[in-house]
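**Q** Next one to model:
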Amino acid sequence: MEQVNTPDAVYLAKVKAYVLKQMELHPQPALVFHTVQHTRDVAATVYRLGKLEKLEPQDLLCVQLAAWFHDLGYLSTYIGHEESSQALASEFLSSIEFPEDRIPLILDLISATKFNHQPENPLERILIDADRSNMGSREFLQKGELLRHEWKQYLNKSYDDIAWLEHQLNYIQTTHFHTASAIQLFEDNRQFNIRALEDALGEKKLKRQQEFHFRWPRQWKQEGRGLIRAIFLGILIAITMNVAVLGSEWRAFVQGLFSGILIGLILRWGDKPFDRFITRKFNFPVTLGLGTAMLLSLFIGAEIFTLTFSQYIESGQWVISNDFLQPSLYLGLAWNAFLLSLILNIIKLTSRIIGPQIFWSYLRGKYHKPVGEERIFMFIDLNSSTGMAETMSLEKYHSLLRNFFNSLSGPVARFNGEIYQYVGDEAVITWTMKDGLKGANCLRCYHRIVQTVERQQRFYIRKYGFMPDFKVAIHGGWVIAGEIGKTKADIVFHGDVMNTTERILQQCRSLGQRLLMSEYIAKRLDFPAPMQAVFVDTLVLKGKKKSIGVYTATTQTNRSLDLKGPRQGLQRQ
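**A** Residues are numbered from 1 along each chain as shown. Now for the predicted structure:
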């Protein structure tokens, strides 16, 4: 490699020696893609492109130094490594008396290597092209497997062969070089890799079709699980009623099994209409009375049907067994049915008030002692709520909040989330980290909320005269969860994650984004097509020493995120 000039060559040599020494002293065996060789390759490509683009010597030096430092932060952290790289670069460059006025440029160049950052000057274009030059190499597929392994170790992201090939193909098709020199050097191999990925993907899909691995659609799986739970509950209720009246005769269990299946089916398919037409329209006592009466009718009706059906099987006649006509039997059955109906409705309505998942956590005693959990939080806040509250009556403002929050319920339940709490005009939704990342549930939930509110546009305009707008922040990490309070107990989450999410939410307006998510979440998500992650900015939040990268998500088409498509992650190759 040519020397730039004598003083600059000394700086370059010192930085190179420092970076190599740090990587030698702090080996990371799981970093199989972002290795010493990767850093060497990027630095060499930067020098080559810099010469072809005719950079001034001082500019070429800065971009070379940034290339050597840009991945050094991986030695201490995977997500947010750019900030760690910047800190190491700033400290070392100052220690070797590198010109202070040129250090900020190098730090900005390191930051420019964040995923999907749009280059703002020729130096950034050269460094970004060098960092992604791997897609113009004939070793792209082989090195991709290394990245696949690295993500599994650090991000807990697993791909089967087809999903990984789809991810790689989407990345290389939507990622382009910025400089003319990089296009000239690498574009032919990039096209070669696109064809190779298409061929490999076609072969894998053909093989899967030949093996015929049937996969239930996502919605069928959820509906099936709900139906099984409802049938199990129905059987349990029916057997309980029959055993209480008939004793432990075999007939009590057989009749309970058949009537329980009928009860479970009706419970499952009648739950949503009951919630829509009764729960939302009437107060607690009326809803409890109506619900108890309906369940009582259902339980007794199912028992009568089962008894007459069993009599038909035995005698060929649709008549009720004489045993059932005894007052002690049907009165006992009615009393047990009434008690079960009342208890089930109290449980259902109470769990609706405090949240079904929190309710069951109480019953299991999960949070009686504080528990550490890794969770994802989504904060949703109505824009201009103070102004709206001043221009409408309190009753109408409450009605607006109620309708808006009701719009969240369906998407949250659909994507396995949990509404943690409402605070004024803000709602907090949470997932366990596993559930939130699975299938990009947290991101799909956001998209479905947007769709749901937009579909109700005519309703909002007719009733309130405007369409509510809102902002969303998504962040995650470790929190402490536990019960708190004596007279009024609650399950709460404590941790820095909550404060950080709120502060990210406050930046939505200044950055002009409806959605902001932290780099910690963005790098662990598999973005479902047609969604893509877009880097927005690096923020230094109030009360925080360390900066945090924030992203948003955009769609290229209007397709629903429920559709299965190639998964897209945050990738730099």
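**Q** Enumerate the positions of stretch 510-518 that are buried.
**A** Going by neighbour count (16 or more other C-beta atoms under 10 Å), the buried part of stretch 510-518 is 513, 515-518. For every residue, glycine as well, the C-beta is placed using N, CA and C.
**Q** For this protein, give me the ranges with low pLDDT.
**A** For the chain, the stretches with pLDDT under 70 are 1-6, 210-220, 222, 244-248, 251, 310-330, 353-355, 529, 555-573.
**Q** could you pull out the strands for it?
**A** With DSSP state E as the criterion, the chain has strands at 371-382, 418-423, 426-432, 470-484, 490-494, 515-518, 527-528, 531-539, 548-555, 567-568.
**Q** Of all residues in this structure, which one is nearest the centre?
**A** Cys442 (2.9 Å; C-alpha atoms, centre = their mean).
**Q** Look up how far Leu12 lies from that one.
**A** Distance check for Cys442 against Leu12: by C-beta to C-beta, to the nearest Å, it reads 44 Å.
**Q** Same check on Asn156?
**A** For Asn156, the distance to Leu12 - C-beta to C-beta - is 38 Å.
**Q** Looking at these two, which is more packed in?
**A** Leu12 (20 against 11; other C-beta atoms under 10 Å).
**Q** Hmm, the more buried one is touching Leu65, no?
**A** Yes. Shown here, Leu12 and Leu65 form a contact pair, counting by C-beta atoms under 8 Å, at 6.8 Å.
**Q** rewinding a little: and the residue nearest to the centre of the chain, what does it touch?
**A** 376, 378, 415, 417, 431, 436, 474, 521, 525 (C-beta atoms under 8 Å, 6 or more residues apart in numbering).
**Q** neighbours of the nearest residue to it once chain neighbours are set aside, just the number please.
**A** Distances taken as C-beta to C-beta, 6 or more residues apart in numbering put Gly436 closest to Cys442, at 4.3 Å, once the chain neighbours are dropped. By other C-beta under 10 Å, 28 other residues sit near Gly436.
**Q** And for Gly365?
**A** So Gly365, with other C-beta under 10 Å, has 9 neighbours.
**Q** about what we covered before: identify whichever of the strands of the chain lies nearest to Trp250.
**A** Nearest to Trp250, of all the strands of the chain, is strand 418-423, at 41.9 Å by C-beta to C-beta.
**Q** okay, the closest one in PDB with CA atoms only?
**A** Extracted C-alpha coordinates of strand 418-423, given in PDB (Å, rounded to 0.1, in the frame of the first residue of the first chain):
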ATOM      1  CA  GLU A 418     -50.400  -7.200  26.300                       C
ATOM      2  CA  ILE A 419     -51.700  -3.800  27.200                       C
ATOM      3  CA  TYR A 420     -49.700  -3.000  30.300                       C
ATOM      4  CA  GLN A 421     -51.300   0.300  31.200                       C
ATOM      5  CA  TYR A 422     -53.000   3.500  30.000                       C
ATOM      6  CA  VAL A 423     -51.400   6.800  31.200                       C
END
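**Q** how much does that strand deviate in direction from strand 490-494?
**A** 90 degrees (axes from the mean of the first three to the mean of the last three C-alpha atoms, to 10 degrees).
**Q** okay, now the domains of the chain?
**A** Structurally, the chain divides into domains by automatic domain parsing as follows: 6-211, 218-354, 365-568.
**Q** neighbouring contacts of stretch 91-108?
**A** 11, 14-15, 18, 58, 62, 65-66, 69, 86, 89-90, 123-124.
**Q** what's the spacing between it and its chain's center?
**A** Relative to its parent chain, stretch 91-108 has a centroid offset of 38 Å by C-alpha atoms, centre = their mean, to the nearest Å.
**Q** all numbers from here: first residue = 4
**A** Renumbered: residue one is now 4, and that last one reads stretch 94-111.
**Q** Could you give the number of residues near Arg228?
**A** Neighbours of Arg228 (other C-beta under 10 Å): 10.
**Q** oh sorry, the question was meant for Val415
**A** 22.
**Q** so what's it up against?
**A** Val415 touches 421-422, 432, 448, counting by C-beta under 8 Å, 6+ apart.
**Q** any chance of those residues in a markdown table, plus neighbour count?
**A** Listed next are those as a markdown table, based on neighbours: other C-beta atoms under 10 Å:
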| residue | neighbour count |
| --- | --- |
| Glu421 | 18 |
| Ile422 | 20 |
| Ile432 | 25 |
| Cys448 | 26 |
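**Q** Now flag whichever of those residues is closest to Lys372.
**A** Glu421 (20.1 Å).
**Q** quick one: that closest one and Val431 touch, right?
**A** No. Glu421 lies out of contact with Val431 (C-beta under 8 Å); the separation is 9.6 Å.
**Q** coming back round to it: show me the contacts of stretch 94-111 that map onto helices.
**A** 14, 17-18, 21, 61, 65, 68-69, 72, 89, 92-93, 126-127 (DSSP state H).
**Q** export these to CSV and tack on distance to Leu270?
**A** Output for the ones in helices among the contacts of stretch 94-111, formatted as CSV (distance: C-beta to C-beta, whole Å):
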residue, distance to Leu270
Tyr14, 73
Lys17, 73
Val18, 68
Tyr21, 67
Gln61, 74
Cys65, 68
Leu68, 67
Ala69, 62
Phe72, 61
Gln89, 57
Ala92, 62
Ser93, 63
Leu126, 65
Glu127, 59
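**Q** PyMOL command for the buried members of the residues you listed?
**A** Paste this into PyMOL to select the buried members of these, with burial taken from 16+ other C-beta under 10 Å:
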select buried, resi 14+17+18+21+65+68+69+72+89+92+93+126+127
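**Q** Most tightly packed of the strands of the chain?
**A** strand 518-521 (a mean of 26; mean count of other C-beta atoms under 10 Å).
**Q** just curious, which of the buried residues of stretch 513-521 is nearest to Pro30?
**A** Ser521 (28.4 Å).
**Q** got a list of what the closest one touches?
**A** 477-479, 503-504, 507, 551-554.
**Q** Leu126 now?
**A** By C-beta under 8 Å, 6+ apart, the neighbours of Leu126 are 58, 62, 65-66, 108, 112.
**Q** Drop anything exposed from these.
**A** 58, 62, 65-66, 108, 112.
**Q** What's the local residue count around Ala16?
**A** The burial count for Ala16: 11, using other C-beta under 10 Å.
**Q** Give me the distance between it and Leu68.
**A** Distance from Ala16 to Leu68, by C-beta to C-beta: 11 Å.
**Q** and which of the contacts of Leu126 is nearest Gly267?
**A** Leu112 (62.2 Å).
**Q** Wait, the closest one touches Ala69, no?
**A** Yes. Leu112 lies in contact with Ala69 (C-beta under 8 Å); the separation is 3.6 Å.
**Q** Can you work out which residues contact both of the two?
**A** Contacts common to Leu112 and Ala69, judged by C-beta under 8 Å, 6+ apart, are Leu130.
**Q** quick one, what contacts the closest residue to Ile266 other than its chain neighbours?
**A** Among residues not flanking Ile266 along the chain, Gly237 sits closest, at 3.5 Å (C-beta to C-beta, 6+ apart). Gly237 sits next to 262-270 when contact means C-beta under 8 Å, 6+ apart.
**Q** which one of those has the most neighbours?
**A** Neighbour max across the contacts of Gly237 (other C-beta under 10 Å) = Ser262, 29 neighbours.
**Q** Wait, it touches Gly304, no?
**A** No. Ser262 lies out of contact with Gly304 (C-beta under 8 Å); the separation is 9.2 Å.
**Q** Now render the buried ones among the contacts of Leu126 as a markdown table, adding distance to Leu200.
**A** Conversion of the buried ones among the contacts of Leu126 to a markdown table gives the following (distance: C-beta to C-beta, whole Å):
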| residue | distance to Leu200 |
| --- | --- |
| Leu58 | 33 |
| Asp62 | 35 |
| Cys65 | 35 |
| Val66 | 30 |
| Leu108 | 36 |
| Leu112 | 30 |
